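Enquirer: please work out how this folds:
(2 chains)
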2 protein chains.
Amino acid sequence: MSAAVFLAEGTEEMEFAIAYDVLVRGGINVTSVYVPASSAPPSPESGVVRASRGVRIAPDTTLEEIVRKDLLDSFDAYVVPGGVGGAATISGNEIVLDALRRAHGSGKVVGAICAGSLAVLQAGIGRGEALTSHPSVADQLRGDYDYREDAVVVAEKLVTSRGPGTSFAFALAIVELLKGADVRAQVAAPMMLLHL
Amino acid sequence: MSAAVFLAEGTEEMEFAIAYDVLVRGGINVTSVYVPASSAPPSPESGVVRASRGVRIAPDTTLEEIVRKDLLDSFDAYVVPGGVGGAATISGNEIVLDALRRAHGSGKVVGAICAGSLAVLQAGIGRGEALTSHPSVADQLRGDYDYREDAVVVAEKLVTSRGPGTSFAFALAIVELLKGADVRAQVAAPMMLLHL
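Expert: Coordinates of the predicted model:
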């Protein structure tokens, strides 16, 4: 099983790192995929992305590179973290949105957390289904979705969540969809989670 | 207020990113400080550190650089994340251990989470006081400390915690010590924490 976790300037580093790490703990091959802002070059100039609170992260690959290698549709799951700036870039990228449409259409897992749920809206997938997001962007989503305030909402293979503090539960829900409840439990135990 | 968060090959990326991000949200100037393994060059060769599950993070500075600039004792708080390999490197570095001793001795905040609590042990600070860690290293600590199994243990300015899943509570406890309970509450609210 494999997952692409998108990463852009301004991505929320906790949501990114928790999704990446927990999926790796679940035995999933995780690739972080850099998405450039609309006018930016295809790779980050310094080799690293500046996340929302200043953590600098080197992506595993770039959107341009996986398109060139024809790998964009090769993942079993696609994850969109939040962070206002990062989510705006990712949810404004038509190549990403097309990939999310194809993934959702073929029954693959699409996960979005916090402001990342705007990518689900922009892709137009799962309309009318249950969904959540960070409260700050809820008004943009209520008209098109059955908006919920649960920490994690799973609508078949569409997984959405609320913010940094729900990231563990979000990532574990994706692990469960890809690898089953036993693997989820094995991954959760040593992380010393306060509450799920 | 300022904080140094140590970073080494094998540091747990969730514990690192949550500490860094939550402290920044609390208005604290955070600097990540690279600690090389004993035989490694002073800067990471590729410019980035490979964390425990493969996230690649660029440190803000290196231990060598802040020593050279005489800034090692300039922080108000010092944070040691876990991750077995990273914690071994950090808790085996005498320059770091000396800095932790001076910080603790002058009433500054020292935070350690997960296997990072081994740095507290190696520095020999807070002996006999209340402390916690990841369960996997508890046996190394029980003899010298009043070992607890709480998510976060605060013994005056020594803050310890258990693992990735307790990282938000750990970081918020440090925010409260440095900036007060009101700032802690303001930082916590928008993160959508499931439970603290």
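
Enquirer: pretty sure residue A:4 contacts residue A:31?
Expert: Yes: shown here, residue A:4 and residue A:31 form a contact pair, counting by CB atoms under 8 Å, at 5.4 Å. Placement of C-beta: from N, CA and C, glycine included.

Enquirer: who's more crowded, those two?
Expert: Between residue A:4 and residue A:31, counted using other CB atoms under 10 Å in any protein chain shown, the more crowded position is residue A:4 (26 against 17).

Enquirer: tell me the contacts of that one?
Expert: By CB atoms under 8 Å, 6 or more residues apart in numbering or on different chains, the contact set of residue A:4 is A:30, A:31, A:32, A:33, A:66, A:75, A:77, A:78, A:79.

Enquirer: repeat for residue A:109
Expert: By CB under 8 Å, 6+ apart, the residues touching residue A:109 are A:3, A:76, A:77, A:78, A:103, A:157, A:159, A:174, A:177, A:178.

Enquirer: same deal with residue A:76?
Expert: Listed by CB under 8 Å, 6+ apart, the contact set of residue A:76 reads A:1, A:2, A:3, A:28, A:108, A:109, A:178.

Enquirer: what are the phi and psi values at the nearest residue to residue A:55 once chain neighbours are set aside?
Expert: Once flanking residues are discounted, residue A:55 sits nearest to residue A:13: 4.1 Å by CB to CB, 6 or more residues apart in numbering or on different chains. Here is the backbone geometry of residue A:13 (degrees, to the nearest 10): phi -70, psi -30.

Enquirer: tell me the buried residues in stretch A:52-69?
Expert: Residues of stretch A:52-69 classed as buried by neighbour count (16 or more other CB atoms under 10 Å in any protein chain shown): A:52-53, A:55-66.

Enquirer: so where is chain A shaky, pLDDT-wise?
Expert: A:195-196 (pLDDT under 70).

Enquirer: which residues in it form helices?
Expert: Taking DSSP state H to define them, one finds helices in chain A at A:13-25, A:63-68, A:84-91, A:94-105, A:117-123, A:167-179, A:181-188.

Enquirer: looking at the ones you listed, which is buried most?
Expert: helix A:13-25 (a mean of 29; mean count of other CB atoms under 10 Å in any protein chain shown).

Enquirer: picking that back up, which among the contacts of residue A:4 gets closest to residue B:44?
Expert: residue A:32 (17.9 Å; CB to CB).

Enquirer: thought the closest one was touching residue A:21?
Expert: No: with contact defined as CB under 8 Å, residue A:32 does not reach residue A:21; the gap is 11.2 Å.

Enquirer: anything in contact with each of these two?
Expert: In contact with both residue A:32 and residue A:21: residue B:55, using CB under 8 Å, 6+ apart.

Enquirer: separation between the closest residue to residue A:33 other than its chain neighbours and residue A:111?
Expert: In space, and not counting its chain neighbours, residue A:33 is closest to residue A:4: 5.0 Å by CB to CB, 6+ apart. Using CB to CB, to the nearest Å, residue A:4 is found at 10 Å from residue A:111.

Enquirer: between these two, which contacts overlap?
Expert: The contact lists of residue A:4 and residue A:111 share A:77, A:78, A:79, where a contact means CB under 8 Å, 6+ apart.

Enquirer: before we move on, the earlier item: quick check: neighbours shared by residue A:4 and residue A:31?
Expert: A:66, A:75.

Enquirer: just checking, residue A:48 touches residue B:48?
Expert: Yes: contact criterion CB under 8 Å: residue A:48 and residue B:48 qualify, at 7.0 Å.

Enquirer: now the common contact residues for the two.
Expert: Residues touching both residue A:48 and residue B:48 by CB under 8 Å, 6+ apart: A:58, B:58.

Enquirer: which residues sit in contact with the closest residue to residue A:159 other than its chain neighbours?
Expert: Sequence neighbours aside, residue A:111 is the residue nearest to residue A:159 in space, at 4.3 Å (criterion: CB to CB, 6+ apart). Counting by CB under 8 Å, 6+ apart, residue A:111 touches A:19, A:77, A:78, A:79, A:80, A:158, A:159, A:160, A:161, A:170, A:173, A:174.

Enquirer: one more: residue A:59?
Expert: A:7, A:32, A:33, A:34, A:44, A:49.

Enquirer: by neighbours, which of those residues wins?
Expert: residue A:7 (32 neighbours).

Enquirer: ok, and for stretch A:120-135, which residues are buried?
Expert: Residues A:120, A:121, A:122, A:123, A:125, A:126, A:130, A:131, A:132, A:133, A:134 are the ones in stretch A:120-135 that count as buried (16+ other CB under 10 Å).

Enquirer: now it - C-alpha only, CSV.
Expert: The C-alpha trace of stretch A:120-135 is given here as CSV (Å, rounded to 0.1, in the frame of the first residue of the first chain):
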residue,chain,number,x,y,z
VAL,A,120,-12.3,18.1,-1.7
LEU,A,121,-14.7,21.0,-2.4
GLN,A,122,-12.6,22.3,-5.4
ALA,A,123,-12.3,18.8,-6.8
GLY,A,124,-16.0,18.5,-6.5
ILE,A,125,-15.8,15.0,-5.1
GLY,A,126,-18.2,13.4,-2.6
ARG,A,127,-20.8,16.2,-2.9
GLY,A,128,-23.6,15.7,-0.5
GLU,A,129,-21.7,13.3,1.6
ALA,A,130,-20.6,13.6,5.2
LEU,A,131,-17.5,15.8,5.7
THR,A,132,-15.7,18.0,8.2
SER,A,133,-12.9,20.6,8.2
HIS,A,134,-11.4,23.2,10.4
PRO,A,135,-14.2,25.4,11.7
